[in-house]
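Engineer: Here is a sequence with its predicted model. Questions after.
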Amino acid sequence: MSAELDPAKIFRFERLLKAPRALVFEALSDPAHLDRWWGPDGFVNETHAMDFSVGGLWRYTMHGPDGKDWPNWIRYHEITPGRISYEHGGEIGEPAHFRGIIDLDETEDGTLMTMTLVFETSEARDATLKHGAEDGGRQTLAKFDAYLQRIKP
């Protein structure tokens, strides 16, 4: 996938999470946490396997509120306390739909989490936005923030 961050080919959303970066990172790296918050409102996540390491694969299904199942996979490319980058696709064997970059920046008030989705074409990005990616992204980060508040020491 292209490494160029052409504004016409990316979608970015962010949220200040009221939790320390170490806890945010933990909740991004463990399926026991991810299955409790990953995805937009109404979706329930089910992890099938997860290898949270560079080159590792996370396979999961998102169960939609309408009963439809959405298979997903993520292959990790970079993992540091401040950044996780990956490719994200649907069915195993299909090419990635986009590349994702999660940046975690410590602040006085918590952790600023920025998710950037990088698409091969502007048409692919626009199609994703037409399917509700903006609302879905905001909902996902809001669910994450609420989850972090429940588990925060």
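Structural biologist: Ah, there it is. Since the model is a prediction, treat every value here as computed from it, not as a measurement. Numbering: from 1, shown residues only.
Engineer: Give the buried residues for the lowest-mean-pLDDT helix or strand in the chain.
Structural biologist: The weakest-scoring helix or strand in the chain, judged by mean pLDDT, DSSP states H and E, is helix 122-130 (a mean of 91). Residues of helix 122-130 classed as buried: Arg125, Thr128, Leu129 (neighbour count, 16 or more other C-beta atoms under 10 Å). All C-beta spots, glycine's among them, are computed from the backbone N, C-alpha and C.
Engineer: now stretch 49-58
Structural biologist: Those would be Met50, Phe52, Leu57, Trp58, for stretch 49-58 by 16+ other C-beta under 10 Å.
Engineer: Stretch 13-26 now?
Structural biologist: Across stretch 13-26, burial judged by 16+ other C-beta under 10 Å covers Phe13, Arg15, Leu17, Ala19, Arg21, Leu23, Val24, Phe25.
Engineer: Quickly list what Leu117 is bridged to.
Structural biologist: When bridges are called by DSSP bridges, Leu117 pairs up with Phe11, Gly100.
Engineer: how close does it get to Trp58?
Structural biologist: Going from Leu117 to Trp58 by C-beta to C-beta, to the nearest Å gives 16 Å.
Engineer: before we move on, what about Glu134?
Structural biologist: 24 Å.
Engineer: need the contact list for the residue nearest to His97 when sequence neighbours are not counted.
Structural biologist: The shortest distance from His97 to any non-neighbouring residue, by C-beta to C-beta, 6 or more residues apart in numbering, is to Gly89 (5.4 Å). Residues near Gly89 by C-beta atoms under 8 Å, 6 or more residues apart in numbering: Asn72, Trp73, Ile74, Pro95, Ala96, His97.
Engineer: quick one, phi psi at Gly89?
Structural biologist: Gly89 adopts backbone torsions of phi -140, psi -180, taken as degrees, to the nearest 10.
Engineer: ok, now Arg21?
Structural biologist: According to degrees, to the nearest 10, Arg21 has phi -60, psi -40.
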